[in-house]
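Undergrad: Let me see the structure of the following:
(one chain, ligands or ions: 1)
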Amino acid sequence: MTKRTRNRDFFYLLILIVVMVGLPWAIQAYDSHLWRTKTPAGAKVFNLTAHSKLGWLSGKVHGYDAITLYSKNKHARNLTLEVKKGDLVVLKITSSDVVHGFSLKDFGIFIEDGIRPGKVVLASFKADKVGTFTFNCNIICGDEHKNMQATLVVTA
Ligand SMILES: [Cu+2]
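TA: Have a look, this model is predicted:
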């Protein structure tokens, strides 16, 4: 191997590393930039994942993680979200398996056209009343559909 081919190989390796590190970074940066424009400053942002067996999970959970991490951890299921009165709440909702819906009827939010795996649907509202509210799935998604309920607590 001559010095010249070694330099060239090194150059290509460098490009490969830049692409492999830079591309995910750029996608991440672009993604968070997009979300920043959609979520006003000061908003309480929650990630929610719907799962047809486990209910509402906290965070953005992939299907395989839902099964391995959450099936043993009952506390992770059907979570409770807590906010204060006056908070602007943004829910970033996704699915880990089938098509789900979302309804939080006390705040007039109904998503019936589907929450699909790999897609994030936004729901935002102002928590303008104190109390304990239930949100659920409004698309029949399986045997456990009726148990897909979770709680929003708005404190004074
Ligand atoms: Cu569902």
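Undergrad: Mind listing residues that contact the lowest-mean-pLDDT helix or strand in the chain?
TA: In the chain, no helix or strand scores lower on mean pLDDT, DSSP states H and E than helix 63-65, which sits at a mean of 81. The set of residues that contact helix 63-65 without belonging to it, under Cβ atoms under 8 Å, 6 or more residues apart in numbering, is 51, 96, 97, 117. Every residue, glycine included, has its C-beta placed from N, CA and C.
Undergrad: ok, and the most crowded of those residues?
TA: For these, neighbours were counted by other Cβ atoms under 10 Å; the highest total belongs to residue 51, with 25 neighbours.
Undergrad: And the top helix by length along the chain, what does it pack against?
TA: Taking DSSP state H as the assignment, the helix of the chain that covers the most residues is helix 3-38. The criterion is 3 or more Cβ pairs under 8 Å, 6 or more residues apart in numbering; DSSP states H and E, and there are no helices or strands that helix 3-38 contacts.
Undergrad: now it: mean pLDDT?
TA: For helix 3-38, the per-residue pLDDT values average out at 89.
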